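Engineer: Attaching a predicted model along with its sequence, questions to come.
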Amino acid sequence: DLIGEWMLPARAFRLTHAGAIGVNPDQRIQQDVGHLSDLSTDLGVGLLQSFILLASFIGVLWSLSSGFVFHIGGHSLAIPGYMVWAAILYAGIASWLSWLVGRPLIRFNSDRYSREAELRSSVVRVNENIDAIALAHGEVDARRQLELDLGTVLGAMRRIYHAQINLSWVTDTYGWITVVAPILVASPVYFAGDISFGGLMMAVGAFNQVNASLRWFINNIGAIADWRATLMRVADFRIALGETDVLHDTESRIEFGENPDGRLTFEKLEIASPDGCTKLAEPHVEISAGERVMITGDPRAGKTLFFRAIAGLWPWGSGRIGMPAKEIPAFVPRTPYFPLGTLRDVLNHVDGTAKVDDAEISAVLAEVGLERLSSSLDRSARWEHELSDDEQRLLAFARLALRRPKWVIIDEALDTFDGATLRRVLSMLETRLAGATILNIGRGQHNIQFFPRSLTIVKDAGRPALKPASVRAGAIEPPPAVAVRRKKK
């Protein structure tokens with residue numbers, strides 16, 4: 001369920017901008033859900049066993065204690081099911097004390113899981129950037145950060161241990177008292193001569209069985225606190241997935257529509273962000289089919305934000321974006337994404353159309369300078385690790401040429417190519433995507449012949465900015481002592 005909700009269009013992207021709840025979704029989806037399932041099963045089976053035990057012996061105990069009569073000041077007092085009520089009262093008091101002492105474990109367990117997620121994220125980040133760390137001799141800094149994250153995990157575990165020790169004082173004391181509690185409860189009746197020693201022992205045995213079933217909560221208070229902490233993390237994440245769709249409900253949104261005449265239009269488009277307002281220098285822009293347009297701007301103008309707004313990933317702002325009717329543009333980000341699988345799977349169509357034959361794939365790879373990959377079409381690999389950054393972008397353009405979209409929007413993916421590589425890519429686009437509309441958002445006018453039209457993105461810092469994102473966060477903030485230590489370091 002969480003995977004399905006997380007992978008709805010654009011939802012995972014928006015969740016990453018939703019504050020603490022969007023950090024480390026992998027742990028919430030895999031580890032937290034798995035842990036919650038295990039705890040729910042164990043606690044549920046134990047509760048069922050306790051219920052069966054209670055149902056089996058509560059009638060016996062009621063029957064054995066039905067003849068208990070107390071003699072007080074010459075008066076006789078008979079309490080039906082006296083031992084049953086005594087067992088319920090005894091277990092109820094112990095359960096209340098256990099909950100009172102063990103309740104902080106909910107917060108401590110949630111904090112521990114958050115700290116462990118941060119440690120795992122730091123380890124993954126170091127592993128993914130190990131080349132740069134080694135070249136910069138940054139092992140000392142990386143180790144310092146890992147030890148800092150490890151320290152927060154150990155601090156969280158230390159607080160859990162202290163709480164468990166306090167809880168043990170309650171549960172163990174309860175266990176010790178239970179040895180003599182039924183005898184003390186029934187002794188007034190025994191010494192009054194209203195019950196034999198054998199009857200007393202039978203009542204004590206039945207009391208212990210009923211008490212054993214009633215002490216399920218006391219025996220599992222630590223697991224219940226852990227279960228509730230895990231449940232709240234999973235539930236908060238599930239709620240946040242839905243809340244991301246209504247995030248910034250009070251903020252105005254960009255209007256999206258379709259143009260029957262097949263044009264792409266921007267009408268008074270203003271894109272809101274925490275840094276200000278990003279917009280085109282011209283308030284009304286029309287781009288017709290077949291045009292090639294270069295869109296530039298200052299480094300902080302928000303070019304990537306403009307790219308995300310066209311794609312519908314960033315809907316906050318005002319104005320209107322009119323997309324060409326019945327057309328699905330192909331978006332080329334700065335960092336391409338390649339799914340796991342063979343190179344053939346990476347390059348082939350994903351929209352249900354016919355697959356491209358090997359000869360055409362090899363031809364396109366040769367056109368972008370990746371002919372060496374023609375012999376690896378059936379090899380599975382993590383291509384983002386095997387190819388350099390430029391090679392990944394070249395592979396993305398080769399995939400684009402094989403899919404032959406009619407509208408292409410590029411976000412700075414051409415900026416890193418040198419002159420020869422850029423000419424090769426533009427030549428391939430000229431041949432393979434003849435007649436396609438191409439918008440290139442980048443830093444400069446790469447080729448006036450290929451991009452004869454130019455537009456400019458500007459940033460208006462004086463305009464009201466978007467408020468920081470905030471949805472229900474399941475991650476509990478570190479205690480003040482941890483925050484102070486982190487600040488000092």
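Structural biologist: It's in.
Engineer: Domain map for this structure?
Structural biologist: Residue ranges for the domains of the chain, per the TED database: 1-244, 255-460.
Engineer: how deep is Pro188 tucked in, by neighbour count?
Structural biologist: Around Pro188 there are 14 other residues, counting by other CB atoms under 10 Å. Every C-beta, even on glycine, is put in place using the N, C-alpha and C of the backbone.
Engineer: That one is in what secondary structure piece?
Structural biologist: Assigned by DSSP states H and E, Pro188 falls within helix 139-191.
Engineer: That helix packs against which elements?
Structural biologist: Packed against helix 139-191 by the contact rule (3 or more CB pairs under 8 Å, 6 or more residues apart in numbering; DSSP states H and E) you find strand 69-72, helix 82-102, helix 104-128, helix 197-214, helix 216-219, helix 221-243, helix 480-488.
Engineer: rerun at 6 Å
Structural biologist: helix 82-102, helix 104-128, helix 197-214 (3 or more CB pairs under 6 Å, 6 or more residues apart in numbering; DSSP states H and E).
Engineer: if we can go back for a sec, would you list the domains of the chain in JSON lines and tack on mean pLDDT?
Structural biologist: Compiled in JSON lines, the domains of the chain are given as follows (pLDDT from 0 to 100):
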{"stretch": "domain 1-244", "mean pLDDT": "83"}
{"stretch": "domain 255-460", "mean pLDDT": "87"}
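Engineer: Over to Ile417: give its phi and psi.
Structural biologist: You called it Ile, but residue 417 is Phe. Phe417 adopts backbone torsions of phi -80, psi 140, taken as degrees, to the nearest 10.
Engineer: Please disregard the earlier target; I meant Asp357.
Structural biologist: The phi/psi pair for Asp357 (degrees, to the nearest 10) reads phi -80, psi 160.
Engineer: same deal with Thr342?
Structural biologist: Per-residue torsions, Thr342: phi -70, psi 160 (degrees, to the nearest 10).
Engineer: any idea how far Arg308 is from it?
Structural biologist: 30 Å (CB to CB, to the nearest Å).
Engineer: Tell me which of the two has more neighbours.
Structural biologist: Neighbours per residue (other CB under 10 Å) separate Thr342 from Arg308, with Arg308 holding more: 20 against 15.
Engineer: Secondary structure element holding the spatially closest residue to that one that is not a sequence neighbour?
Structural biologist: Nearest non-adjacent residue to Arg308, counting by CB to CB, 6 or more residues apart in numbering: Trp314, 4.2 Å away. When elements are assigned from DSSP H and E, Trp314 belongs to no helix and no strand.
Engineer: repeat for Asp26
Structural biologist: Using DSSP H and E, Asp26 sits within helix 25-26.
Engineer: for the helix or strand just after that helix, which positions count as buried?
Structural biologist: The helix or strand immediately downstream of helix 25-26 is helix 33-64, counting by DSSP H and E. Residues 33, 35-36, 39, 43, 50, 53-54, 57-58, 60-62, 64 are the ones in helix 33-64 that count as buried (16 or more other CB atoms under 10 Å).
Engineer: Between those, which sits nearest Thr421?
Structural biologist: Nearest to Thr421 among those is Val33, at 44.8 Å by CB to CB.
Engineer: now the residue nearest to Arg308: how far from Pro274?
Structural biologist: Noted for Trp314: a distance of 12 Å to Pro274, by CB to CB.
Engineer: okay, those two: which has more neighbours?
Structural biologist: Neighbours were counted for Trp314 and for Pro274 using other CB under 10 Å; Trp314 has more, 24 against 10.
Engineer: What backbone torsions are found at the more buried one?
Structural biologist: Dihedral angles for Trp314 - degrees, to the nearest 10 - are phi -120, psi 90.
Engineer: That one reaches Thr304, doesn't it?
Structural biologist: No - Trp314 lies out of contact with Thr304 (CB atoms under 6 Å); the separation is 9.4 Å.
Engineer: returning to what we had before: including distance to Leu347, could the buried residues of helix 33-64 go into CSV?
Structural biologist: Putting the buried residues of helix 33-64 into CSV (distance: CB to CB, whole Å) gives the following:
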residue, distance to Leu347
Val33, 34
His35, 39
Leu36, 40
Leu39, 44
Leu43, 49
Ser50, 59
Leu53, 63
Leu54, 64
Phe57, 69
Ile58, 69
Val60, 74
Leu61, 74
Trp62, 75
Leu64, 79
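Engineer: from these, which is closest to Ser362?
Structural biologist: Val33 (43.6 Å).
Engineer: give me the number of residues near the residue lying closest to Leu455 once chain neighbours are set aside?
Structural biologist: Nearest non-adjacent residue to Leu455, counting by CB to CB, 6+ apart: Ile295, 4.7 Å away. Ile295: 24 surrounding residues under other CB under 10 Å.
Engineer: again, but for Val170
Structural biologist: For Val170, the count of nearby residues is 19 (other CB under 10 Å).
Engineer: Can you give the contact residues for the strand with the most length in the chain?
Structural biologist: When the chain is scanned for its longest strand (criterion: DSSP state E), the result is strand 264-273. Residues from elsewhere that reach strand 264-273, judged by CB atoms under 6 Å, 6 or more residues apart in numbering: 259, 277-280, 283, 285-287, 305, 309, 316-320, 322, 324, 466.
Engineer: Put the buried members of those into a PyMOL selection.
Structural biologist: Buried residues among the contacts of strand 264-273 (16+ other CB under 10 Å), as a PyMOL selection:
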select buried, resi 277+278+279+280+285+287+305+309+316+317+318+319+322+324+466
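Engineer: residues touching Glu255, list them.
Structural biologist: Contacts for Glu255 (CB under 6 Å, 6+ apart) come out as Arg320.
Engineer: Residues in a beta bridge with it, which ones?
Structural biologist: On the basis of DSSP bridges, Glu255 is bridged to Arg320.
Engineer: Need the contact partners of the host helix or strand of His385.
Structural biologist: Using DSSP H and E, His385 sits in helix 383-386. Contacts with helix 383-386, where a contact means CB under 6 Å, 6+ apart, come from Phe338.
Engineer: list the buried ones in it?
Structural biologist: Buried positions in helix 383-386, judged by neighbour count with 16+ other CB under 10 Å: Trp383.
Engineer: For that helix, output the C-alpha coordinates as CSV.
Structural biologist: The C-alpha coordinates for helix 383-386 follow below in CSV (Å, rounded to 0.1, in the frame of the first residue of the first chain):
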residue,chain,number,x,y,z
TRP,A,383,24.3,2.1,-15.6
GLU,A,384,24.5,5.2,-13.5
HIS,A,385,27.6,3.6,-11.8
GLU,A,386,29.2,2.2,-14.9
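Engineer: now the helix holding Pro188 against helix 197-214, angle please.
Structural biologist: Put simply, helix 139-191 runs at 150 degrees to helix 197-214, going by axes from the mean of the first three to the mean of the last three CA atoms, to 10 degrees.
Engineer: Taking helix 33-64 as reference, get the angle to helix 139-191.
Structural biologist: Here helix 139-191 points in a direction 10 degrees away from that of helix 33-64 (the same axes, to 10 degrees).
Engineer: ok now helix 139-191, how far from the chain's centre?
Structural biologist: 30 Å (CA atoms, centre = their mean, to the nearest Å).
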